[in-house]
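# Give me a model of this one.
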Amino acid sequence: MRNIFIAPAHSRRHTAAPRRVHLIGAIMSSVNTLQLPSRRANRHFITSVVTFIAAFIVSFIPLLGFTTTAARACACGCSVFDVGGGLLPQENDSGGRIFTEWWHSGQNQNWIASSKAPASANLDKRLITDWYTAGFMYMFNREWGVMARLPYVNRNLTTDTGPPGGIQTFNSHDFGDLEVMGIYTGFFADLSTGVMFGLKLPTGVYNAPGLDRDNQIGTGSTDLILGAFHRGMLSGDNAWQYFSQIRYQQPFLYRSAADPQGFFDGNLGVVQTYKPAYQVDGAAGIV
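Got it, this is the predicted structure:
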């Protein structure tokens with residue numbers, strides 16, 4: 001069990017105006033991992049601190065370049081929880097590692113651009129989600145590896161369906177979208193810097209009754225995933241380590257489905273093609 005401090009940042013641009021204002025709220029996490037022991041060379045403390053600060057700043061530069069307006073939407077269960085320092089490859093890693101994650105998100109605050117919006121601006125009132133993820137990482141050698149992760153998601157949406165139903169709560173619980181990625185860490189001998197690349201597959205349910213397409217467990221899309229990470233020592237006794245990570249996710253294949261909320265909003269039977277926007281997620285912290 002590792003205690004991890006993470007400073008997440010999330011940016012998202014929408015390709016079309018959403019039907020509803022999105023909710024945003026707090027996110028909590030817990031990570032358990034079984035892994036091999038590691039060994040690292042000693043580094044000067046001051047140099048490590050400077051490197052950490054530089055890596056922290058660099059990891060967030062792409063976030064500023066990819067967005068022109070403040071974006072706080074996270075309706076479909078964005079991938080902000082897929083970045084962090086707990087599951088990065090470590091020096092002398094070999095063979096396999098099995099890990100589990102738990103993430104909780106409670107969203108009840110509306111945002112329009114960078115300003116808070118009143119509850120009356122949104123028919124959706126609250127979105128509560130728990131992600132229980134199981135994953136597997138295997139390093140073939142000191143340079144190449146693979147990783148897969150699959151979440152089981154429990155989501156409750158409280159929304160105003162209008163007369164005669166009024167405010168109702170809908171639940172969707174099922175497996176989410178599977179991620180399969182390759183890992184390359186051959187830049188330095190200590191595996192401190194690496195890249196990740198792969199796909200998010202549309203294995204999650206995306207037509208649960210009562211939820212908009214952007215509130216579904218799965219997006220119904222196939223996404224390209226590209227990412228990079230860097231980590232290093234803050235103390236020579238291996239007690240403190242810093243990390244920074246950036247990840248880009250671009251959907252490129254989409255699935256159509258009948259509007260799952262059509263009974264309430266007058267679109268019964270209308271088939272929709274939901275196209276989620278790209279995402280850029282970054283994190284930096286200390287382990």
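
# Next, residue 121: phi, psi?
phi -80, psi 0 (degrees, to the nearest 10).

# And it, how far from residue 115?
11 Å (C-beta to C-beta, to the nearest Å). All C-beta atoms are positioned from the backbone trio N, CA, C, and that covers glycine.

# okay, the two: which has more neighbours?
residue 121 (12 against 9; other C-beta atoms under 10 Å).

# Hmm, that one is touching residue 111, no?
No. In this structure, residue 121 is not within contact of residue 111 by C-beta atoms under 8 Å, at 9.6 Å.

# Count the neighbours of residue 209 for me.
Residue 209, neighbours per other C-beta under 10 Å, totals 12.

# what about the strands in the stretch 151-287 of the chain?
With strands called from DSSP state E, counting those that start in this stretch, the stretch 151-287 of the chain shows them at 167-175, 178-184, 193-201, 222-233, 241-253, 256-258, 271-273, 279-286.

# now the fourth one and strand 279-286, what's the angle there?
Angle between the axes of strand 222-233 and strand 279-286 is 20 degrees (criterion: axes from the mean of the first three to the mean of the last three C-alpha atoms, to 10 degrees).

# Partner strands of strand 222-233, with direction?
Strand pairing for strand 222-233, determined by DSSP bridges: strand 193-201 (antiparallel), strand 241-253 (antiparallel).

# most tightly surrounded among the ones you listed?
Most buried of those, by mean neighbour count (mean count of other C-beta atoms under 10 Å): strand 241-253, with a mean of 20.

# now that one against strand 178-184, angle please.
130 degrees.

# Would you mind checking the average pLDDT for strand 241-253?
Averaged across strand 241-253, pLDDT comes to 92.

# Any stretches of this protein with poor pLDDT?
Residues of the chain meeting the criterion pLDDT under 70: 1-79, 85-86, 91-93, 263-266.

# The helix or strand hosting residue 129 packs against which elements?
Per DSSP states H and E, residue 129 falls inside strand 124-139. On a contact count with 3 or more C-beta pairs under 8 Å, 6 or more residues apart in numbering; DSSP states H and E, strand 124-139 meets strand 23-34, strand 95-112, strand 144-160.

# That one: which residues count as buried?
Neighbour-count burial for strand 124-139 flags 124-131, 133, 135, 137-139 (criterion: 16 or more other C-beta atoms under 10 Å).

# what do you get for stretch 224-232?
In stretch 224-232, counting by 16+ other C-beta under 10 Å, buried: 225, 227, 228, 229, 230, 231, 232.

# Over to stretch 183-194?
183, 185, 190, 191, 192, 193, 194.
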